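*Asks:* below are the sequence and a predicted model; questions follow.
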Amino acid sequence: MECLTAMRHLDDTEEWSERAETAKAPLSGRTPPTLRAMLTQWPLASAPMAEVLTVASRAGVQRNLA
């Protein structure tokens, strides 16, 4: 059962990543695609963690998360 749950979670994450790609299309800069890639790998990340992993400013991360 755990394997099926994990597979569903991966499917949900992939679907979210595709929706995020579409939603971020009008945004400029390197932070939106970097943040999407980071959140695809680490779905439960804090803003400070995202700041470190994306090498973006705290303001940039928070703006893009909003």
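*Replies:* Great, that's in hand.
*Asks:* tell me the helix or strand right after the helix or strand that contains Trp16.
*Replies:* Assigned by DSSP states H and E, Trp16 belongs to helix 2-24. Sequence order places helix 31-41 as the next helix or strand after helix 2-24, per DSSP H and E.
*Asks:* compute the inter-axis angle for that following helix and helix 2-24.
*Replies:* 170 degrees (axes from the mean of the first three to the mean of the last three C-alpha atoms, to 10 degrees).
*Asks:* residue nearest the centroid of the protein?
*Replies:* Leu39 (2.6 Å; C-alpha atoms, centre = their mean).
*Asks:* that residue and Leu10, how far apart?
*Replies:* 14 Å (C-beta to C-beta, to the nearest Å). Backbone N, C-alpha and C define where each C-beta goes, glycine included.
*Asks:* swap in Pro32?
*Replies:* 22 Å.
*Asks:* not counting sequence-adjacent ones, nearest residue to Lys24?
*Replies:* Distances taken as C-beta to C-beta, 6 or more residues apart in numbering place Pro32 nearest to Lys24, at 4.1 Å, with adjacent residues excluded.
*Asks:* tell me the SS of Gly60?
*Replies:* Classification of Gly60 by DSSP: H, G, I helix; E, B strand; the rest coil places it in helix.
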